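# Quick one: sequence plus predicted model below, questions after.
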Amino acid sequence: VQVVQSGAEVKKPGASVKVSCKLSGYTLTELSMHWVRHTPAKGFEWMGGLDREDGEIIYAQKFQGRFVMTEDTSTDTAYMELSSLTSEDTALYYCVPDLIVWGLGTLVTVSS
Amino acid sequence: DIVMTQSPLSLPVTPGEPASISCRSSQSLVQSNGDNYLDWFLQKPGQSPQLLIYAGSNRTSGVPDRISGSGSGTDFTLKISRVEAGDVGVYYCMQALQTPFTFGPGTKLEIQ
């Protein structure tokens, strides 16, 4: 499976960001997508994941209410949207299907 | 949340010598099926993380047998029997038993 993520983003505090993750080699419906971010201060943080077996999306409580995972199975593309951004959301965001294959990451910078 | 710790955080190794990394979890990672929900990742310089070991001791495809994972419950170890230059990077353990999945802080292996 190969994963291609969307390009870097620069956002102002309070804004939202949407990152895409396109799969090839497998269809989205064969995998459970997870999103993980990395910051120098906190290391890797798991943000949420889809349990393909029961269709449930589980979000880390830390991001509840401002983090949404969606997918378009017609294009095998997964999306994550994070809202109410602060400088602490400046990070490299990864999609990780089945927690096995990591994308190259999408750098999101939050700055006024 | 399950807290993951690793030691050492920095590991200088001479090529050809063995290396060992410890990972401890604040709760047992044994599932009711007997599997340990502990994975090891390696992030090489300039690259995304790659899965090395899953379920505590199972190597993924392409991982040489000089790299092994062991342990159960709350104590796990990653061992490299003979370190090579290509092994440099940061090694992370991650628990996938309970959401939010959590990562260790990483162990930086470098060649001395």
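Structure received.
# In terms of helices and strands, where is the residue nearest the centre of chain A?
Chain A has A:W35 as the residue nearest its centroid, 3.9 Å off, counting by Cα atoms, centre = their mean. Take DSSP states H and E as the rule and A:W35 turns out to sit in strand A:34-39.
# likewise A:K22?
Element membership for A:K22, per DSSP H and E: strand A:17-24.
# any idea how far chain B is from the residue nearest to the centre of chain A?
Going from A:W35 to chain B by Cβ to the nearest Cβ, to the nearest Å gives 11 Å. In this view, the C-beta of every residue, glycine as well, is placed from N, C-alpha and C.
# isn't that residue right next to A:G49, touching?
Yes. The criterion here is Cβ atoms under 8 Å, and A:W35 meets it with A:G49 at 7.3 Å.
# Spit out the residues that contact those two alike.
Common neighbours of A:W35 and A:G49, using Cβ atoms under 8 Å, 6 or more residues apart in numbering or on different chains, are A:M69.
# Residues of chain B that sit close to chain A?
Contacts of chain B with chain A, taken as Cβ under 8 Å from any Cβ of the partner chain, map to B:39, B:48-51, B:54, B:60, B:92, B:94, B:96, B:99-103, B:105-106.
# Centroid-nearest residue for chain B?
In chain B, the residue lying closest to the centroid (Cα atoms, centre = their mean) is B:W40, at 3.5 Å.
# ok, that one - contacts?
B:W40 is in contact with B:C23, B:L51, B:L52, B:I53, B:G69, B:L78, B:Y91, B:Y92, B:C93, B:M94, counting by Cβ under 8 Å, 6+ apart.
# Do you know the pLDDT at the first one?
pLDDT recorded at B:C23 is 98.
# what's the helix or strand hosting it in contact with?
Following DSSP H and E, one finds B:C23 within strand B:19-25. With Cβ under 8 Å, 6+ apart as the test, strand B:19-25 has contacts from B:2-8, B:11, B:13, B:38, B:40, B:71, B:74-80, B:83, B:87, B:91, B:93, B:95, B:104, B:107, B:109.
# where's B:F76 relative to A:K12, distance?
According to Cβ to Cβ, to the nearest Å, B:F76 stands 42 Å off from A:K12.
# Please identify which of those two sits among more neighbours.
The neighbour comparison of B:F76 against A:K12 (other Cβ atoms under 10 Å in any protein chain shown) goes to B:F76, with 27 against 9.
# mind listing what residue 105 touches?
No chain specified, so I'll use chain A. A:G105 touches A:Q5, A:H38, A:L92, A:Y93, A:Y94, B:S48, counting by Cβ under 8 Å, 6+ apart.
# My question was about chain B, not that one.
A:G43, B:M4, B:T5, B:Q6, B:L9.
# Surely B:G106 is in contact with B:Y92?
Yes. In this structure, B:G106 is within contact of B:Y92 by Cβ under 8 Å, at 5.0 Å.
# Thanks again, I'm all set now.
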